[in-house]
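S.K.: Got a sequence here, can you build the structure:
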Amino acid sequence: MVKTDPKTLKENIFSLIGDEWMLITAGGEVVNTMTASWGGLGIMWGEPCATVYIRPQRYTKEFVDREEYFTLSFFAPEYKKQLSLCGSKSGRDVDKVSECGFTVARTSQGAPYFEQARLVLVCRKLYVQEMDGAAMPAEVREKWYPQQDYHTMYIGQIVEAYTQE
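M.R.: Prediction:
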């Protein structure tokens, strides 16, 4: 992987997150990851940042809550099956990393990512906020939160970006 300035990325953010999906990964000795297709990239507090959303029941949330850094990994289309697995199975029940055949690497901050990724964003957690269902339109609550399991929003400063050579 080659270190890249995140401001030079030429990706379509809507396709990158919404269509191609990403893995949110965190951990120390034990690593967990989950697939996400909700999120955003932009500038916050004068810095390039990523915003991700994690439901309370997701095992990865425990890892992101505990660690200072998390990573966002984006893959080539041939990895869609592995990303589907990481979005449908829990790390409480299965070793998703092994089952997908991914190789864990570490950033200079110690955050885990996968060598197979084509793009990795390393994020330092800056802000965490539980979403408030009362602040949402009724149709959003009814469609996306019938169990009232509102996401937690995380804003992470993108401190490093890596691309495949």
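S.K.: any idea how far the residue lying closest to Y145 once chain neighbours are set aside is from I17?
M.R.: Nearest residue to Y145, sequence neighbours excluded (CB to CB, 6 or more residues apart in numbering): G133, at 6.1 Å. In short, each C-beta sits where N, CA and C put it, glycine included. Distance, G133 to I17, by CB to CB, to the nearest Å: 23 Å.
S.K.: Between the two, tell me which one has more neighbours.
M.R.: I17 (22 against 14; other CB atoms under 10 Å).
S.K.: Which residues are in contact with the nearest residue to the more buried one once chain neighbours are set aside?
M.R.: With CB to CB, 6+ apart as the criterion, I17 has its nearest non-adjacent residue at 5.0 Å, and that residue is G39. Residues in contact with G39 (CB atoms under 8 Å, 6 or more residues apart in numbering) are I17, M22, A50, T51, V52, Y53, L72.
S.K.: in what helix or strand does the residue most central in space within the chain lie?
M.R.: Central residue of the chain (CA atoms, centre = their mean): I24, 2.5 Å from the mean position. Assigned by DSSP states H and E, I24 belongs to strand 22-27.
S.K.: what's that strand in contact with?
M.R.: Applying CB under 8 Å, 6+ apart, the contact partners of strand 22-27 are 16, 31-37, 39, 52, 54, 60, 63-64, 66-67, 69-75, 83, 86, 111-114, 117.
S.K.: So for it, what gets flagged as buried?
M.R.: By neighbour count on 16 or more other CB atoms under 10 Å, the buried set for strand 22-27 is M22, L23, I24, T25, A26, G27.
S.K.: Quick one: the strands in this structure, in order.
M.R.: Here the chain has its strands, by DSSP state E, at 2-4, 22-27, 31-36, 39-44, 47-54, 69-74, 104-106, 112-114, 119-130, 152-163.
S.K.: And those: which comes nearest N12?
M.R.: Set against N12 and scored by CB to CB, those come closest in strand 39-44, at 10.7 Å.
S.K.: and the angle from the closest one to strand 47-54?
M.R.: With axes from the mean of the first three to the mean of the last three CA atoms, to 10 degrees as the basis, strand 39-44 and strand 47-54 are set at 150 degrees to each other.
S.K.: coming back round to it: show me which of the contacts of strand 22-27 are buried.
M.R.: 16, 31-36, 39, 52, 54, 60, 63-64, 67, 69-75, 83, 86, 111-114, 117.
S.K.: and S84, what is it in contact with?
M.R.: T35 are the contacts of S84 under CB under 8 Å, 6+ apart.
S.K.: any idea how far W144 is from the spatially most distant residue from the centre of the chain?
M.R.: The C-alpha centroid of the chain is most remote from A138, which lies 27.0 Å away (CA atoms, centre = their mean). Taking CB to CB as the measure, A138 falls 11 Å from W144.
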